[in-house]
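Enquirer: Quick one: sequence and predicted model below, then my questions.
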Amino acid sequence: MARRKSPAISDVEWQAIARAIGPIPPTADVARARLEIGACRRDYARLPISRSKLRGARAEFRRIDALWKRLIRSYETAQRQTSAALLLADITKARKLRMRAQGWHEGFNTLARRHAGNRDVAREWLYERVLGIWTDCLGGKLVTSTARRRVPYGPLVRFFDAIVRPLLGDKAPGPHAIRGIVKQEKRQRQEATRRLVALRQKYGDGAVRVFCPPKNKFQNSI
């Protein structure tokens, strides 16, 4: 069987990006960043997906979630009847896989909602994912620098441009546009945090885990 090629970018590509960024924190997960950058490029090439296909995928993951729910209940019944400790590990794994399926469902649901009018959903997805790699893999902050009579600059601007420009060419956003994109992403994350806090206050931590299953920025690849 042929070995599946890793989506991670090459050493040469990473070195070019690293030079653009500047000093990288020792806590950064470079291996993960390289993997996600490569996957981001691959997934962007597959976009956009038609709204009908997005709805179909969303419906399929809704069915998958229902199947996982039934399977977990059966596991739990068998565990209560037999007191087999090993079944607890299988139940934990099944719950994690169900949460992953819920994350996929929410991702396709979000894409389907965005896929309306003249919005460039593929580009919005690309920008969000690049910023997710910056914060979640490299430990960067959603900030850009400004100075009088100078365009926005900083490591995030350079990183964003290094990833996006090879994909969009002359249509890639400039420094001022990147600053606007970063501000919008920051607002969206703050709003998501506020919603999560409100859910926790209203329903408790257990319900929040159902409504907002834990997921990282990279589960919504296509």
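Expert: In hand now; what should we look at?

Enquirer: How many neighbouring residues does the closest residue to R129 other than its chain neighbours have?
Expert: The spatial neighbour of R129 that comes closest, neighbours along the chain excluded (Cβ to Cβ, 6 or more residues apart in numbering), is C40 at 5.2 Å. Quick note: C-beta positions are derived from backbone N, CA and C, even for glycine. The number of residues packed near C40 is 23, by other Cβ atoms under 10 Å.

Enquirer: pLDDT at C40, what is it?
Expert: Model confidence at C40, given as pLDDT, is 91.

Enquirer: same check, this time on K215
Expert: So, for K215, pLDDT stands at 43.

Enquirer: sorry, back to before: residue contacts, the residue nearest to R129?
Expert: Applying Cβ atoms under 8 Å, 6 or more residues apart in numbering to C40 gives the contacts L126, R129, V130, I133, I163, S221.

Enquirer: Does it lie in a helix or a strand, and which?
Expert: If you go by DSSP states H and E, C40 is part of helix 30-46.

Enquirer: Ok, I24 next?
Expert: Using DSSP H and E, I24 sits within no helix or strand.

Enquirer: Relative to S145, how far out is the residue nearest to R129?
Expert: Note on C40: its distance to S145, by Cβ to Cβ, to the nearest Å, is 24 Å.

Enquirer: mind giving me the domain ranges of this structure?
Expert: Listed by automatic domain parsing, the domain ranges of the chain are 9-14+27-47+120-222, 49-114.

Enquirer: so where's this structure uncertain?
Expert: 1-6, 114-118, 203-222 (pLDDT under 70).

Enquirer: Let's see that with 90 instead.
Expert: The model of the chain has pLDDT under 90 over residues 1-8, 25-26, 43-58, 83-87, 99-125, 147-149, 188-189, 191-222.

Enquirer: ok, which stretches of it are strands?
Expert: 145-147, 150-153 (DSSP state E).

Enquirer: State which helix of the chain is the longest.
Expert: helix 51-82 (DSSP state H).

Enquirer: mind listing what's buried in that helix?
Expert: L54, A57, R58, F61, I64, D65, W68, I72, Y75, Q79 (16 or more other Cβ atoms under 10 Å).

Enquirer: same question, stretch 184-192
Expert: E185.

Enquirer: Return stretch 42-52 as PDB; C-alpha atoms alone will do.
Expert: Extracted in PDB, the C-alpha atoms of stretch 42-52 (Å, rounded to 0.1, in the frame of the first residue of the first chain):
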ATOM      1  CA  ARG A  42      -4.700  21.800   0.500                       C
ATOM      2  CA  ASP A  43      -8.200  22.400   1.800                       C
ATOM      3  CA  TYR A  44      -8.400  25.900   0.300                       C
ATOM      4  CA  ALA A  45      -7.800  24.500  -3.100                       C
ATOM      5  CA  ARG A  46     -10.900  22.400  -2.700                       C
ATOM      6  CA  LEU A  47     -13.100  25.300  -1.900                       C
ATOM      7  CA  PRO A  48     -15.700  26.600  -2.500                       C
ATOM      8  CA  ILE A  49     -18.200  23.800  -1.900                       C
ATOM      9  CA  SER A  50     -21.700  24.200  -3.100                       C
ATOM     10  CA  ARG A  51     -24.400  25.100  -0.500                       C
ATOM     11  CA  SER A  52     -26.300  21.800  -1.400                       C
END
